[in-house]
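> Can you look at this prediction? I've put the sequence above it.
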Amino acid sequence: MPSSDSLASTHGPLNHPTSRADLFLSFTWLALQGFGGVLAVVQRELVEKKRWMTREQFVEDWAVAQIMPGPNVVNLSMMIGGRYFGLSGALSALAGMLAVPLIVVLLMATLYGNVAETAAAQNAMRGMGAVAAGLITATGIKLISALDKNAMGMGLCIALAVLTFVAVALMRWPLLWVLPGIGGAACLWAYRVMTAAETRSGSRS
């Protein structure tokens, strides 16, 4: 989890949600934009527009949200809400992510059900799938620069990313193996590197 002390970036101090209502409205707007590529939308809104976190903080929080049960973006919204306003903030963010989008999804599901078997609708969904893949890929490339400040170093982080891609996409290993295996090894190595750095720093002082 990002430290509360690291609340500034090269572009100046960060902002923060001003109220529970701000959390609710912000995550409602975010959820309503999440057609096909929610990762890209979340990164743009929270890091680039609202500046509630740095890229480094986003990468770290997103990693935590991914290994928790449930949808990643919902987990992330509750983490952010809880960070600023405790349980009530987490619930406000959760309501923003689910309330209005639930109504929209139900309406769209009803409409889509009437045309789902048509060739035009199926081709449209295939086209949207390609756009979603492009959005996620572009966001991943954009966030690579955040790994410069990772304790393990850029090279090892990219190697772990490639290893994870090979395990999931090519070898088709279950996530139940990949997360504790590769993820656990990465956590242990990062802990070792940071502990060694703190020891060296303490010995110099």
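Arrived safely, thanks for sending. Just so it is clear, the model here is predicted, and its values are computed rather than measured.

> where does the spatially most central residue of the chain land in three-state SS?
Geometric centre of the chain, nearest residue: Trp62, 3.4 Å, by C-alpha atoms, centre = their mean. At Trp62, secondary structure determined by DSSP: H, G, I helix; E, B strand; the rest coil is helix.

> If we ignore the residues flanking it in sequence, what's nearest it?
In this structure, Trp62 finds its nearest non-sequential neighbour in Leu76, 6.3 Å apart by C-beta to C-beta, 6 or more residues apart in numbering. Backbone N, C-alpha and C define where each C-beta goes, glycine included.

> In terms of helices and strands, where is that neighbour?
In this structure, Leu76 is located in helix 72-113 according to DSSP states H and E.

> mean confidence for that helix?
Averaging pLDDT along helix 72-113 gives 90.

> Figure out how far it is from the centre of its chain.
Chain-centre distance of helix 72-113: 14 Å, with C-alpha atoms, centre = their mean, to the nearest Å.

> returning to what we had before: the residue nearest to Trp62: how many residues sit nearby?
When counting by other C-beta atoms under 10 Å, one arrives at 25 neighbours for Leu76.

> Quick check, it in contact with Val42.
Yes. Assessed by C-beta atoms under 8 Å, Leu76 is found in contact with Val42 at 6.8 Å.

> give me the low-pLDDT residue ranges for the chain?
Regions of the chain meeting the criterion pLDDT under 70 cover residues 1-12, 35-37, 121, 124-125, 128-133, 135-136, 139, 142, 204-205.

> need the strands for it, in chain order.
Ranges of strands within the chain are 8-9, 12-13, based on DSSP state E.

> starting at the chain centroid, how far to stretch 180-197?
With C-alpha atoms, centre = their mean, you get 20 Å for stretch 180-197.

> got the buried residues for it?
Within stretch 180-197, the residues scored as buried using 16 or more other C-beta atoms under 10 Å are Ile182, Gly183, Ala186.

> Same question for stretch 23-32.
Of the residues in stretch 23-32, Leu23, Phe24, Ser26, Phe27, Thr28, Leu30, Ala31 count as buried by neighbour count, 16+ other C-beta under 10 Å.

> try stretch 162-170
Quick answer for stretch 162-170 (16+ other C-beta under 10 Å): Thr164, Ala167.

> Identify the residues contacting that stretch?
Residues outside stretch 162-170 that contact it (C-beta atoms under 8 Å, 6 or more residues apart in numbering): Trp173, Leu175, Trp177, Val178, Ile182.

> Show me whatever sits in contact with both of Leu76 and Val42.
Contact criterion C-beta under 8 Å, 6+ apart; residues shared by Leu76 and Val42: Trp62.
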